[in-house]
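> output the structure for:
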Amino acid sequence: MSGSRSAALGALVLIALAIGLGVAFAGEQFPGGLLVAALIAVATVAVWYAVVRRGAIRAVALAVASVGAAVAVIVALADGKLHWLLVAGVLALSSVCARAAFGARLKLPAAPRPERPVLFLNPKSGGGKAERFHLADEARARGIEPVVLERGDDLFELVRDAVAGGADALAMAGGDGSQAIVASIAAEHGLPYACIPSGTRNHFALDLGVDRDDVVGALDAFVDGGERRVDLAEVNGRVFVNNVSLGVYAEAVQREGYREAKLRTLVGTLSDWQRDDGRGPAMSWHGPGGHTHREALAILVSNNRYRLGHAVGSGTRPRIDDGMLGVTVAGRPAGREGSRGLGRPQRPWREWSAPTFEVDAEAPVPAGIDGEAVVLEPPLRFGIRPGVLRVRIAARHPGASPSALMPEHAYQGIVDLARIAAGRSAQRSPRARSQV
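Model (predicted):
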């Protein structure tokens, strides 16, 4: 029996055991038992968020989980309900088994080792990860030529010079903005590309299936790696690997001091937008139904669709080879064309996929492209470039997004666990199943 099948079977057995124990204990010790059960449930959900999210959300989730667990223990000790700790332990173990069952690994076809691979390194990115992990020396040991960026260097020119000099594979160790530059040139020349996760967040590496905790091991993409093709996206001819943000976040990125105090700057920008004195140029776009909309708190256009609003895998892209842009509009789009601005109320959060998307405005639009502050001339024309990038990924890395097999809902999760335990694949699109 495979590891994922065993993990799925274990998760199902543990979930059933936890439910059975919980029902029995709650019935015997009403209402105190229900309070402990509720606290354990809250702590369990918070632990899920802490596992799959990062940054402030992870910190808040950890705090909630700690408080919930602590209060549950106190109540259990006070009322002599120590057996509830057994339920908590069973639920925690079931979560570990479920994550193991849904862990996706892509079976990549073998790829020949390049003869003249070149690695570009930003020594300051990610707090100096490239220097801390001695990436230049590690690259040389693998037959990869390192090029260390210095202040004032033009990365575009350096990469083009390397290609002109005979480089047959390109890699970038740095932030996602730099990744986009190297990836675009690799795609232009049909060369293999490797993403080395030495930036701060490394979102592109995460969704490619590169282990972000194995910075040095990512170099083995040019040693024993397999190859897959993924999409790139563009706005007004500029390539991006993750997303372009418009609206309140883009305004915050433009402000002085954002890098030093991101949360404070974002809150201040949001306050200005609510007072209408910090708002950028009015934008208009067409929704999936073809209607014209105006006004939004934020617009996010991404290279493939992000998974949003779910406890599991939220903030990641299940696919990065779907050939579609992801479009998300936060805030109520107002002003349906021909309705004098009195369109029907709509959800404050809308998302859809499309091969192209266009945003118009009466003035230049502040934007954040892969986290970098820029100003774009309207109209903003977004498009997708399907399968143009040949990505190399080290053999021991997953090669797939952490949410590639994650269920959308709890019910679907139980169904998928049952399918995996029975030796079948989780229910996903045929194309995804054929790759993962």
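> what about residue 46, helix or strand, and which?
Using DSSP states H and E, residue 46 sits in helix 32-52.
> now do the same for that helix: mean pLDDT, whole number.
For helix 32-52, mean pLDDT is 65.
> ditto for stretch 364-375
Rounded mean pLDDT across stretch 364-375 is 89.
> likewise for stretch 315-322?
Mean predicted lDDT for stretch 315-322 stands at 89.
> what's the neighbour count on residue 115?
10 (other Cβ atoms under 10 Å). All C-beta atoms are positioned from the backbone trio N, CA, C, and that covers glycine.
> contacts only, for the closest residue to it other than its chain neighbours.
Residue nearest to residue 115 in three dimensions, not counting chain neighbours: residue 168, with 5.7 Å by Cβ to Cβ, 6 or more residues apart in numbering. By Cβ atoms under 8 Å, 6 or more residues apart in numbering, the contact set of residue 168 is 114, 115, 116, 117, 191, 192.
> out of the residues you listed, who's the most crowded?
residue 117 (25 neighbours).
> can you give the domain ranges for the chain?
Per automatic domain parsing, the domain ranges recorded for the chain read 3-103+408-435, 117-240+389-393, 243-387.
> averaging pLDDT over each of the ones you listed, which comes out lowest?
For the domains of the chain, mean pLDDT drops lowest on domain 3-103+408-435, to a mean of 66.
> just the strands in the stretch 301-436 of the chain please.
325-330, 349-354, 356-361, 365-369, 372-376, 380-393 (DSSP state E, counting those that start in this stretch).
> export the last one as PDB, just CAs?
Provided in PDB are the C-alpha atoms of strand 380-393 (Å, rounded to 0.1, in the frame of the first residue of the first chain):
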ATOM      1  CA  LEU A 380      -3.800  48.000 -19.100                       C
ATOM      2  CA  ARG A 381      -4.000  45.000 -21.300                       C
ATOM      3  CA  PHE A 382      -3.400  41.700 -19.600                       C
ATOM      4  CA  GLY A 383      -2.700  38.400 -21.300                       C
ATOM      5  CA  ILE A 384      -1.500  34.900 -20.700                       C
ATOM      6  CA  ARG A 385       1.400  33.100 -22.500                       C
ATOM      7  CA  PRO A 386       0.400  29.400 -22.100                       C
ATOM      8  CA  GLY A 387       3.300  26.900 -21.600                       C
ATOM      9  CA  VAL A 388       6.100  29.100 -22.700                       C
ATOM     10  CA  LEU A 389       8.400  28.500 -19.800                       C
ATOM     11  CA  ARG A 390      10.500  25.300 -19.500                       C
ATOM     12  CA  VAL A 391      11.000  24.900 -15.800                       C
ATOM     13  CA  ARG A 392      13.600  22.600 -14.300                       C
ATOM     14  CA  ILE A 393      12.900  21.300 -10.700                       C
END
